[in-house]
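Student: dropping the sequence and predicted coords here.
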Amino acid sequence: MLKTELSRFEQRLSREMPGPFADIAEQTVASMWSAFRAATKWMRRAGEERPLTSLLLAFEAGLVAGWYGGRHAKH
């Protein structure tokens, strides 16, 4: 599902953007996708090796996101 959305996004970019910008955008999407996959793989491995530490880090990340999001949310 995610692959089809990514390919649809790449096709849309190639149709709507001029040549040099399309190449830059494709490289950016590819590098972001690669970084996301590497981070996911690292988190999965860390979760298997140290589940309690991963749980505490996830809890801390949730607290930070909630604090930051709640503080800067539009009312």
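Tutor: Structure received.

Student: list the buried residues of the helix or strand hosting Pro20.
Tutor: Secondary structure from DSSP states H and E places Pro20 in helix 19-49. The neighbour-count check on helix 19-49 (16 or more other CB atoms under 10 Å) flags Ala25 as buried. Every residue, glycine included, has its C-beta placed from N, CA and C.

Student: what does stretch 3-17 give?
Tutor: Leu13.

Student: quick one: mean pLDDT for that stretch?
Tutor: The average of the pLDDT scores along stretch 3-17 is 77.

Student: likewise stretch 37-57?
Tutor: 87.

Student: show me what the helix or strand encompassing Leu13 is packed up against.
Tutor: Taking DSSP H and E as the criterion, Leu13 maps to helix 2-16. Using 3 or more CB pairs under 8 Å, 6 or more residues apart in numbering; DSSP states H and E as the contact test, the elements touching helix 2-16 are helix 19-49.

Student: following element in sequence after the helix it packs on, please.
Tutor: In N-to-C order, the element after helix 19-49 by DSSP H and E is helix 51-72.

Student: how far does that following helix sit from its chain's centre?
Tutor: Mean C-alpha position of helix 51-72 versus that of the full chain (CA atoms, centre = their mean, to the nearest Å) differs by 17 Å.

Student: tell me what it is packed against?
Tutor: Against helix 51-72 (3+ CB pairs under 8 Å, 6+ apart) you get helix 19-49.

Student: name the helices or strands packed onto the helix it packs on?
Tutor: The helices and strands touching helix 19-49, judged by 3+ CB pairs under 8 Å, 6+ apart, are helix 2-16, helix 51-72.
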